[in-house]
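Colleague: Just to be clear, the model below is a prediction. Sequence and coordinates:
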Amino acid sequence: MSAKPTNYDEYFAGQSELAQTRLTELVACLKNEVPNGIVQLKWGKPALVTDNIVCVFATFKKHISLHPTPSIISHFADELSQYTTSGNTVQFPLDNPLPIELIHTMIKRRHYEQTQLDMGWK
């Protein structure tokens, strides 16, 4: 049994080559929308963090999951209809290219949503 990763570099190193490729693509996409965000582990999963958590993500045997918020998953339900979703999660198959433009749009909205809530706006 291997030790649980304690940081993102350890998490990344423990993934398959394909998962590492998808993680690299996803993190680049996330950081493009939230340049001041840093990737940390939260609950054993990578998370993009500013003052708060923007989103959490993780790789599994056959997919990479992205956990923004239920409001984001709901808002983009039509665009996400070809993927498995639940609550605050969408699963993208590892063996398919990531829908980068869709992820950009989702994270842009999530970051806007978060900054507006942080300012007390609704």
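Modeller: Sure, I can see it. The shown structure was predicted, so the numbers you read here are calculated from the model rather than taken from an experiment.
Colleague: what is Leu41 paired to in the beta sheet?
Modeller: Under the criterion DSSP bridges, Leu41 forms beta bridges with Pro46.
Colleague: and it, what does it touch?
Modeller: Residues counted as contacts of Leu41 (CB atoms under 8 Å, 6 or more residues apart in numbering) are 5-8, 11, 47. Any C-beta I mention is one placed from the backbone N, CA and C, and that applies to glycine too.
Colleague: got the phi/psi numbers for Val49?
Modeller: phi -130, psi 140 (degrees, to the nearest 10).
Colleague: correct me, but it touches Asn36?
Modeller: No: applying CB atoms under 8 Å, one finds Val49 not in contact with Asn36, separated by 9.8 Å.
Colleague: Pick out whichever of these two has more residues nearby.
Modeller: Val49 (18 against 9; other CB atoms under 10 Å).
Colleague: Chain neighbours aside, what residue packs nearest to that one?
Modeller: Gln40 (5.2 Å; CB to CB, 6 or more residues apart in numbering).
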